[in-house]
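> Show me how the following folds:
(one chain, ligands or ions: 1)
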Amino acid sequence: MSTFQAPKGTYDLTPPSSATFLAVREAISAPLRDSGYGYIETPGFENVELFARGVGESTDIVTKEMYTLTTKGGDQLALRPEGTASVLRAALEANLHKAGNLPVKLWYSGSYYRYERPQAGRYRHFSQVGAEAIGTEDPVLDAELIILADQAYRSLGLRQFRILLNSLGDKECRPVYREALQTFLRDLDLDEETRRRIEINPLRVLDDKRADVQKQLTDAPKLRDYLCDACKAYHEEVRALITAAGVVFEDDEKLVRGLDYYTRTTFEFVHDGLGSQSAVGGGGRYDGLSEMIGGPELPSVGWALGVDRTVLALEAEGVELDLPATTSVYAVPLGEEARRVLFGVVTELRRAGIAADFAFGGRGLKGAMKSANRSGARYTLVAGERDLAEGVVQLKDMESGEQTAVPLTEAAAELAKRLG
Ligand code: AMP
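Presented below is the predicted three-dimensional model:
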């Protein structure tokens, strides 16, 4: 293995393509920031217990995919495989729910880790931007989150995504369904592991991707037929609200998602250009999670959108984000004296809030102008000995190619004026 190789299932973000990644994070979080969600950041690792209790002992994430470690002090930690449990833990620890301002609306952005079999769109380290609205049961809140995710994807120019929506019921009706489903599943021809799953988490069996399993599931009892009146009414309200907002969705009664904590509303955003790893984001309501991790009753709802797959979705749709050049002015000094003088101008520009860069290393005009071009700067400042003797710098408009001599002392002000 080469020393210069990222670990299996991971990749680096490097310029210039890393700019797209940043822009996606920005675009996903913008609607949240404009809708009353405050930023939260939690550690990259937590006590293993939090995820075992929160995400669920029977889920793939906890049983197979967690990076766990024992510290020198004997603590059992896990790199976070998802964000919700950590964010809820942090909100409880900080007593945010007691500040008399429910729901507590939070957004986050960061790295997540799952020991999965790597393939296109599935990595061992990936990035999510997420949102959680903690402590309120209100269908408007579920609708708000779905609408904001839709808005985020649309603002990026994505069109070929679909929203799948389902209700998983609550602690009244889900257990009744669960039992009916278990009775049905126990009669099927399934392997040992799947049989075990029937006993621990039967809903996940519905999620099985294998064709021979799916074939046997055709007549499985449907959760929809077991929803209690309260859950039905709640779900109808969510559907009506997002419909009224003009957001198109598909009812998908098979959608159960890979985490145990969901209740009632669950949804997934899938993109049709991504092949098998088509989920670009997902979420739902998790009314019981707080109690599962030892907190008070706090009905909540949230989602997480995958940044990596959103970037892949942009590529699949051929969407090029309109990213403004990061450098506005590029300075090219010719000679020692020009180096000091132009660096002074660059510093002045930067302090005035104008993005400026510099040809370092005493490079020749040709090479330096290539770098100026590559930087995307609108203007270059070139100065040699003769210019300095005359007290001027050459200001070149890289779009029109037009070049003018500007008094050195006025260069920064002139650029500020031209750049508006
Ligand atoms: P989940 O918590 O599994 O619902 O994940 C939410 C979103 O995170 C998914 O829709 C994906 O976009 C993204 N995601 C989850 N796991 C991975 C992974 N292993 N690699 C890349 N993206 C992922």
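> Distance from the helix or strand hosting L314 to the middle of the chain?
Using DSSP states H and E, L314 sits within helix 307-317. Centroid separation for helix 307-317 versus its chain: 11 Å, with C-alpha atoms, centre = their mean, to the nearest Å.
> How about stretch 349-357?
Using C-alpha atoms, centre = their mean, the offset of stretch 349-357 from its chain centre is 30 Å.
> how about the residues of the chain near the ligand?
82, 114, 116, 122-123, 126, 128, 258, 279-282, 304, 306, 308-309 (C-beta under 6 Å from any ligand atom). Any C-beta I mention is one placed from the backbone N, CA and C, and that applies to glycine too.
> Please report the number of neighbouring residues for the closest residue to A316 other than its chain neighbours.
Spatially, and ignoring its direct neighbours in sequence, A316 is nearest to G273 (2.9 Å; C-beta to C-beta, 6 or more residues apart in numbering). By other C-beta atoms under 10 Å, the residues close to G273 number 15.
> quick one: low-confidence parts of the stretch 151-300 of the chain?
The stretch 151-300 of the chain contains residues with pLDDT under 70 at 258-260.
> picking up where we left off before, quick one: secondary structure of the residue nearest to A316?
What DSSP: H, G, I helix; E, B strand; the rest coil gives for G273 is coil.
> Distance of it relative to the ligand?
From G273 across to the ligand, the span is 13 Å (C-beta to the nearest ligand atom, to the nearest Å).
> Would you mind confirming that that residue is in contact with L314?
No. Between G273 and L314 there is no contact under C-beta atoms under 8 Å: 9.5 Å.
> mind checking which helix or strand the closest residue to the ligand within the stretch 101-250 of the chain is in?
Across the stretch 101-250 of the chain, no residue is closer to the ligand than F126, which sits at 3.5 Å (C-beta to the nearest ligand atom). Applying DSSP H and E as the criterion places F126 in strand 125-134.
> Repeat that for I242.
Going by DSSP H and E, I242 is in helix 229-244.
> buried stuff in that helix?
Of the residues in helix 229-244, C231, Y234, H235, E237, V238, R239, L241, I242 count as buried by neighbour count, 16 or more other C-beta atoms under 10 Å.
> and what of stretch 123-141?
For stretch 123-141, the neighbour count (16+ other C-beta under 10 Å) marks 123-139, 141 as buried.
> CA-only coordinates of that stretch, as CSV, when you get a sec.
Once non-C-alpha atoms are left out, stretch 123-141 reads as follows in CSV (Å, rounded to 0.1, in the frame of the first residue of the first chain):
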residue,chain,number,x,y,z
TYR,A,123,-18.2,5.2,2.0
ARG,A,124,-16.8,4.5,5.4
HIS,A,125,-16.4,8.2,6.1
PHE,A,126,-19.1,10.5,4.8
SER,A,127,-20.6,13.9,5.4
GLN,A,128,-24.1,14.9,6.4
VAL,A,129,-26.0,18.1,7.0
GLY,A,130,-28.8,17.5,9.4
ALA,A,131,-31.7,19.1,11.2
GLU,A,132,-33.5,18.2,14.4
ALA,A,133,-36.6,19.8,15.9
ILE,A,134,-36.9,18.6,19.4
GLY,A,135,-39.8,18.6,21.9
THR,A,136,-42.9,19.2,19.8
GLU,A,137,-45.5,17.0,18.3
ASP,A,138,-47.0,19.0,15.5
PRO,A,139,-47.5,17.9,11.9
VAL,A,140,-46.5,21.4,10.7
LEU,A,141,-43.0,20.7,12.0
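> Who's the closest spatial neighbour of S167, skipping the chain neighbours?
Residue nearest to S167 in three dimensions, not counting chain neighbours: H235, with 4.1 Å by C-beta to C-beta, 6+ apart.
> what sits against the one you found?
Neighbouring residues of H235 by C-beta atoms under 8 Å, 6 or more residues apart in numbering: S167, L227, R264, T265.
> Quick check: bridge partners of the last one?
The one in question is T265. Assessed by DSSP bridges, T265 has beta-bridge partners S167.
> who touches it in this structure?
When contacts are counted by C-beta under 8 Å, 6+ apart, T265 touches P139, D142, L165, N166, S167, L168, Y234, H235, V238, G284, R285, V301.
> make it 10 Å
Contact analysis of T265 by C-beta atoms under 10 Å, 6 or more residues apart in numbering lists 139, 141-143, 145-146, 165-168, 231, 234-235, 237-239, 283-287, 301.
> what do you get for the second one?
Contact analysis of L227 by C-beta under 10 Å, 6+ apart lists 167-170, 172-174, 176-177, 233-235, 264.
> now stretch 28-44: mean pLDDT?
Mean pLDDT, computed over stretch 28-44, is 98.
> What residues sit buried inside that stretch?
Neighbour-count burial for stretch 28-44, counted by 16+ other C-beta under 10 Å, picks out I28, S29, P31, L32, S35, Y37, I40, T42.
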